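*Asks:* Sequence and computational prediction follow.
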Amino acid sequence: MTKLLTTLEKIAQDASLQSAEALAAFVEQADLSEQEKAIILKQDSDAIAAKLDVKKDIVCFIVPAEDDEPAKESDEEEKDKSEESKLVSNG
Amino acid sequence: MSGSLVCVGLGMKLGAHISPISKSHIEQADVVFSLASNGVIEQWVDEMNPNVISLQPYYQEGKSRNITYKEMIDAILQEVKAGKKVVGAFYGHPGVFAFVPHKAIEIAQNEGFNAYMEPGISAEDCLFADLAIDPGKYGYQQYETSQFMFYQRLIDPSAYLVLWQVGVAGDRSLEKHNTGSAHRQILVELLLNTYPADHKVILYQAKVLPTDKIRSDEILLKDIVSADLFMHTTLVIPPSEKMKPNNKILAELERLEEQNNYAPHLKVIK
């Protein structure tokens, strides 16, 4: 894992690094280039993505808006159930 | 059947939200299919296992996402059928607003493979924490925005309403990665049937990297049309009305409690 990613993972996971002062002290002694230290301290996520040569915003939709069940079949089933319940109540 | 499928959640924030068991599944898999919400997270997953395949290339602007989803499911199942220990690593929770993992698991199980899901921390979980919303306080409705527009829904203005994927509001083609102001205007008109135009709403985006800032922009409902909305923006609509007591039910409960010699805690509100 690149040192930059490892550092980001450590920052995200360590409860003692959640204040600005602790973060600054940790980043200062981290084995990173001065540029990498600067973009972390500036909280520049775009620069981090650029440094790692990745696209920050990627597509992440995984849910369709429309019902994936065939509507006509469901309607027919509902109609059948309704007919059936009428028969039962009439029976 | 030697193949298997486990769909795990990566959580929302890099490194902070993934569970130990989900991380272990990724590390021990023969092949991992990843779908992250950010390129940095995708690279982080890449480095957990030597055989990670991103599902990202299946998306294309102008291609129906229904085709994309089917291709993703086919790719995952092909490896399961080849006898591999397969893991689907999805951002957030793999079972929340996530058709692909649910469908892949269902098909794999129907074909006799061991397939299941491990939960993750979802965008919804982050929303409750970041915006200090307790869904139990007033109640809470949530929908995928386009589905909310396509189907007739009963909105309860005394509860929270949360609309996901508002950036592609009303996209019937499933081909767009963003819809424009004309689509949003229709959404706003739909919401104006229930809420006043100057009702305050929140545009929310969770933190994904530890260097990100939470987006929590309060705007007026009518201004949604011109707002900056992205793929991962969520619209949060706080209640516009107070909860109305159901006096009929309260009276029935009071009678029941009197009959049973219970001390009534709930009185009919007059």
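*Replies:* Cool, got the structure. Numbers count the residues shown, from 1 in each chain, chains lettered A, B, ... in the order given.
*Asks:* how close does B:Leu253 sit to chain A?
*Replies:* Distance, B:Leu253 to chain A, using C-beta to the nearest C-beta, to the nearest Å: 29 Å. C-beta: built from backbone N, CA, C; applies to glycine.
*Asks:* Over to that residue. Which of the three states is it?
*Replies:* helix (DSSP: H, G, I helix; E, B strand; the rest coil).
*Asks:* shaky segments in chain B?
*Replies:* Counting by pLDDT under 70, chain B contains low-confidence residues at B:1, B:173-177, B:261-270.
*Asks:* Verify the contact between B:Glu79 and B:Lys85 for me.
*Replies:* No: B:Glu79 is beyond contact range of B:Lys85, at 9.1 Å (criterion: C-beta atoms under 8 Å).
*Asks:* what touches both of these two?
*Replies:* Both B:Glu79 and B:Lys85 are in contact with B:Gly3, B:Asp30, B:Val31, where contact means C-beta atoms under 8 Å, 6 or more residues apart in numbering or on different chains.
*Asks:* which among these end up buried?
*Replies:* With neighbours counted using 16 or more other C-beta atoms under 10 Å in any protein chain shown, those contain these buried positions: B:Gly3, B:Val31.
*Asks:* Of the shared contacts of B:Glu79 and B:Lys85, which is the nearest to B:Lys13?
*Replies:* Minimum distance to B:Lys13 across the shared contacts of B:Glu79 and B:Lys85 is 25.3 Å, recorded for B:Val31 (C-beta to C-beta).
*Asks:* Phi and psi next, for the closest one.
*Replies:* Phi and psi for B:Val31, reported as degrees, to the nearest 10, are phi -150, psi 140.
*Asks:* surely it meets B:Lys84?
*Replies:* Yes: the pair B:Val31 and B:Lys84 qualifies as a contact (C-beta under 8 Å) at a distance of 5.3 Å.
*Asks:* Looking at B:Glu79 and B:Lys85, which one has more neighbours?
*Replies:* Shown here are B:Glu79 and B:Lys85; by other C-beta atoms under 10 Å in any protein chain shown, B:Glu79 has more neighbours (21 against 18).
*Asks:* what residues are up against the more buried one?
*Replies:* Taking C-beta under 8 Å, 6+ apart as the contact definition, B:Glu79 lies against B:Gly3, B:Asp30, B:Val31, B:Phe33, B:Val86.
*Asks:* burial measure for the closest residue to the second one other than its chain neighbours, as a count.
*Replies:* Taking C-beta to C-beta, 6 or more residues apart in numbering or on different chains, and ignoring the residues beside it in sequence, B:Asp30 has B:Lys84 as its nearest neighbour in space, at 4.1 Å. By the other C-beta under 10 Å criterion, the neighbourhood of B:Lys84 contains 17 residues.
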